[in-house]
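A.B. asks: quick one: sequence plus predicted model below, questions after.
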Amino acid sequence: MGLFNRSKQQESLESGLEKTRSSFFGKINKLVRGKDQVDDELLDDLEEALVTSDVGVKTTVDIIRKVEERVARDKFVSTDDLNALIRDEISGLLLDDNPAQPIDFEAPLPGKPHVIMVVGVNGVGKTTSIGKLAARYKAAGKSVMLGAADTFRAAATEQLDIWAQRADVPIIKQGHGADPAAVAFDTLGAAKGKNVDVVLVDTAGRLHTKGGLMDELTKIKRVMEKQIPGAPHEVLLVLDASTGQNAIRQAQEFTNAADVSGLILTKLDGTAKGGIVIGISNEFRIPVKYIGVGEGIDDLQVFDRAGFVGALFGSE
């Protein structure tokens with residue numbers, strides 16, 4: 001993991017997920033350990049705990065079905081076995097990252113420039129996530145360029161410009177109200193000319209219910225493809241984990257419009273709704289690529305399934 005030590009990452013992850021662990025997954029541990037056998041009452045209580053969390057109804061049904069199948073097959077499952085089974089099932093619902101895409105900032109890129117389009121509504125931490133990704137790629141020895149294609153909101157370009165300065169990477173921008181697709185086209189052209197490794201393109205973050213925004217994202221993708229065949233190579237959707245089920249609704253809208261290939265879940269450190277990570281990954285069959293568990297640059301972490309589940313349930 002290079003500059004960002006793996007044990008330090010796990011420590012930061014466990015600290016960031018403390019609210020979720022204590023408020024929900026801590027209750028699951030107590031629920032399981034408070035029983036001496038797995039019966040219908042325990043399964044009902046477990047289902048209620050999952051449904052009333054932000055894991056989501058569909059994912060809850062999947063988990064409970066698997067547990068019931070195991071109990072029916074083995075006839076007797078101790079509560080210790082059930083605790084381990086729940087952990088295994090939750091882990092299984094979290095998709096592994098696509099091996100065709102970089103799994104770490106130091107990982108070799110499939111090609112260059114590697115173009116990443118970032119989407120999401122205002123306020124979810126989209127611009128900050130782009131800035132942190134740029135800084136992490138730069139620290140890993142890769143050249144990076146930013147494209148300020150969120151021209152709808154003047155402050156968005158200013159904020160991205162600040163992050164470009166912090167990360168010491170170039171940025172392609174135009175004035176407020178410029179054609180976002182034109183900015184994306186120019187960004188990719190500049191990246192090709194300078195042989196840049198990674199391109200991160202910001203997009204407008206208006207409400208996901210606005211059809212015009214979704215049409216705009218489709219147009220940006222089309223223009224990118226004309227400039228660089230196959231681009232964008234990744235479409236990352238940024239979601240605020242603290243918004244719970246609203247994040248699922250946003251995911252539905254954006255996945256319909258933008259062929260989302262990966263998720264960034266931010267603000268996990270400030271919420272007890274970390275279960276949303278499980279629900280979104282399972283429901284949309286899209287891998288979580290990065291999670292935000294703090295304000296520091298290294299607190300935007302490459303998602304590690306085993307580490308995440310371990311941090312949720314705590315040490316045995």
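C.D. replies: Cool, got the structure.
A.B. asks: what sits closest to residue 293 if chain neighbours are left out?
C.D. replies: Closest residue in space to residue 293, ignoring its immediate chain neighbours: residue 16 at 2.7 Å, by Cβ to Cβ, 6 or more residues apart in numbering. In this view, the C-beta of every residue, glycine as well, is placed from N, C-alpha and C.
A.B. asks: would you check that the one you found makes contact with residue 271?
C.D. replies: No: applying Cβ atoms under 8 Å, one finds residue 16 not in contact with residue 271, separated by 9.8 Å.
A.B. asks: tell me what the closest residue to residue 292 other than its chain neighbours is bridged to.
C.D. replies: Among residues not flanking residue 292 along the chain, residue 266 sits closest, at 3.8 Å (Cβ to Cβ, 6+ apart). Beta bridges link residue 266 to residue 240 when assigned by DSSP bridges.
A.B. asks: unless I'm mixing things up, residue 266 is touching residue 237, no?
C.D. replies: No: here residue 266 lies out of contact with residue 237, judged by Cβ under 8 Å, at a distance of 11.0 Å.
A.B. asks: compare these two (neighbour count), which wins?
C.D. replies: Using other Cβ atoms under 10 Å, the more surrounded residue of residue 266 and residue 237 is residue 237, with 29 against 26.
A.B. asks: where does that one sit: helix, strand or coil?
C.D. replies: Taken by DSSP: H, G, I helix; E, B strand; the rest coil, the conformation at residue 237 corresponds to strand.
A.B. asks: now do it, the pLDDT please.
C.D. replies: You'll see residue 237 listed with a pLDDT of 96.
A.B. asks: ok, it - contacts?
C.D. replies: With contact taken as Cβ atoms under 8 Å, 6 or more residues apart in numbering, residue 237 is in contact with 119, 120, 250, 251, 254, 255, 258, 260, 262, 263, 264, 286.
A.B. asks: so of the residues you listed, which two are at opposite extremes in space?
C.D. replies: Spatially, the most separated pair among the contacts of residue 237 is 250 and 262, at 14.9 Å (Cβ to Cβ).
A.B. asks: ok, those two, which is more surrounded?
C.D. replies: residue 250 (23 against 19).
A.B. asks: which helix or strand contains that one?
C.D. replies: helix 245-258 (DSSP states H and E).
A.B. asks: now the strands for this protein?
C.D. replies: Ranges of strands in the chain, per DSSP state E, are 114-119, 144-148, 171-172, 198-202, 234-240, 262-266, 288-292, 300-302.
A.B. asks: how about the ones you listed, which one is nearest residue 8?
C.D. replies: strand 300-302 (10.2 Å).
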